[in-house]
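A.B. asks: Predicted model and sequence follow; I will ask about them next.
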Amino acid sequence: MKVCVVGAGAIGGYLAVRLANDGHEVSVVARGPHLAAIQSSGLSLIEADQTFVAEQLVATDRIRDLGPQEIVFLALKAHQIEPVVSDLSVLFDASTVMVTLQNGIPWWYFQKLEGNYTDRVVSAVDPHGVLLNNIDPNGIIGCIAYPAATIVEPGVVKHIEGNRFPVGELDGSESDRVRRVADALTGAGFKSRVLDDIRSEIWLKLWGNLTFNPISAMTHSTLVDICQFPLTRELAARMMTEAQAVAERLGASFRVPLERRIAGAEAVGKHKTSMLQDVEVGKPLEIDGMLGAVVELAELTEVEVPTLRALYACVSLLNNTLQQEHLRVKGAPSTY
């Protein structure tokens, strides 16, 4: 199939190499030294002490250089989508599907969802309604990216752990097209189940992200450190309890108990969260989809979330300071 990965960072790059090496016609959208390296030498993936190289990729920083695709994997962070939303239309024809991979609450959360909040804008991730009004929800398939990966140098992605990419239609149906997406992912070596409730799975991953990412960003600690230090483990549990109340008020359910979710994060080991990695190199932090949106939904559903509000305030200030002062951690790797 003809596949485009918009945002060939760690997760997008991981997808691109696996899909290309499974025989799909893959193009990637990247930028800077990472793009230059891909154009020069292909995109490399280090996985289980082996290196796989996808040399036949089309790599560009101009979405408009690419034509219609069968599958578009939107692997940008939430705050990176609005600036390119007008360009995405060139990737679509009548049969194209867009698979969204953003952490946290997506802009489409209330689209094709029955109830009191149908088509409501999630202002934290789509403040002007640009995404809601310019991306057709009928072309969207939701996806949760569970793997951990990192860019170790331009053009080189290292897989750390995990290979699950569950997918689902926004209305919960099991369509031919969502099955095709799952089959493409499975054929490339990933685990991909078709879910009838993609939003509950979003909350399950977000449950960890909204706690461990901000705590790690402020403490510069890894997942195992946070989980094994009693005070931060207790803090994480309190944040997760508040978030669960919001999710359940919106009709979501959790198939994994809270302590098991924390144990899963602990088992990942000495892994730096994506937010901590962004802090170290001075990148904007992905806080609105992970935490700001949950605070917004708490207000909508009238659920008290004092701990989440406190963490959101602190990490928002950290983000502002990083950007205004152009700060980064001494000795941190360059951004790619």
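C.D. replies: Right, received. Where do you want to start?

A.B. asks: now the helices for the stretch 201-336 of the chain?
C.D. replies: Per DSSP state H, counting those that start in this stretch, the stretch 201-336 of the chain carries helices over the ranges 223-228, 230-249, 258-268, 274-281, 293-301, 306-325.

A.B. asks: Format the CA atom coordinates belonging to the fifth one as CSV.
C.D. replies: Output of helix 293-301 as CSV, limited to C-alpha atoms (Å, rounded to 0.1, in the frame of the first residue of the first chain):
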residue,chain,number,x,y,z
ALA,A,293,-7.3,18.5,28.1
VAL,A,294,-8.1,16.3,31.2
VAL,A,295,-8.4,19.4,33.4
GLU,A,296,-10.7,20.9,30.7
LEU,A,297,-12.9,17.7,30.7
ALA,A,298,-12.9,17.7,34.5
GLU,A,299,-14.5,21.2,34.3
LEU,A,300,-17.0,19.9,31.7
THR,A,301,-18.0,17.0,33.8
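
A.B. asks: Next, the angle helix 306-325 makes with it.
C.D. replies: For helix 293-301 against helix 306-325, the angle by axes from the mean of the first three to the mean of the last three C-alpha atoms, to 10 degrees is 140 degrees.

A.B. asks: Kindly report the same for the second one.
C.D. replies: Our comparison of helix 230-249 with helix 306-325, counting by the same axes, to 10 degrees, yields an angle of 110 degrees.

A.B. asks: And this structure, split by domain according to the record?
C.D. replies: By the record's domain assignment, the chain is partitioned as 2-196, 199-325 (automatic domain parsing).

A.B. asks: where does this protein have low pLDDT?
C.D. replies: Residues of the chain meeting the criterion pLDDT under 70: 330-336.

A.B. asks: try it again with 80
C.D. replies: 329-336 (pLDDT under 80).

A.B. asks: what's residue 50 sitting at in phi/psi?
C.D. replies: Per-residue torsions, residue 50: phi -120, psi 150 (degrees, to the nearest 10).

A.B. asks: Please tell me how far residue 82 sits from residue 248.
C.D. replies: 30 Å (C-beta to C-beta, to the nearest Å). (Glycine included, C-beta is placed from N, CA and C.)

A.B. asks: er, residue 291 I mean
C.D. replies: If you measure residue 291 against residue 248 using C-beta to C-beta, the figure is 18 Å.

A.B. asks: So for those two, which sits in the more crowded spot?
C.D. replies: With neighbours defined as other C-beta atoms under 10 Å, residue 291 and residue 248 compare such that residue 291 has more, 31 against 15.

A.B. asks: Give me the neighbour count for the residue lying closest to residue 111 once chain neighbours are set aside.
C.D. replies: Nearest in space to residue 111, with sequence neighbours left out and distances taken as C-beta to C-beta, 6 or more residues apart in numbering, is residue 137 at 4.0 Å. Counted with other C-beta under 10 Å, the burial measure for residue 137 works out to 16 neighbours.

A.B. asks: The one 4 residues further on too?
C.D. replies: Residues within reach of residue 141, counting by other C-beta under 10 Å, total 23.

A.B. asks: pretty sure it is in contact with residue 168, am I right?
C.D. replies: Yes: at 7.0 Å, residue 141 counts as touching residue 168 under the criterion of C-beta atoms under 8 Å.

A.B. asks: Which residues are in contact with each of those two?
C.D. replies: Both residue 141 and residue 168 are contacted by residue 178, under the criterion C-beta atoms under 8 Å, 6 or more residues apart in numbering.

A.B. asks: what residues are up against residue 69?
C.D. replies: Listed by C-beta under 8 Å, 6+ apart, the contact partners of residue 69 are 2, 3, 4, 27, 91, 92, 96.

A.B. asks: which non-adjacent residue is nearest it?
C.D. replies: On the basis of C-beta to C-beta, 6+ apart, the spatially nearest residue to residue 69 that is not a chain neighbour turns out to be residue 4, at 4.5 Å.

A.B. asks: which secondary structure element contains the one you found?
C.D. replies: If you go by DSSP states H and E, residue 4 is part of strand 2-6.

A.B. asks: Would you mind identifying the next helix or strand past that strand?
C.D. replies: Using DSSP H and E, the helix or strand that follows strand 2-6 towards the C-terminus is helix 10-21.
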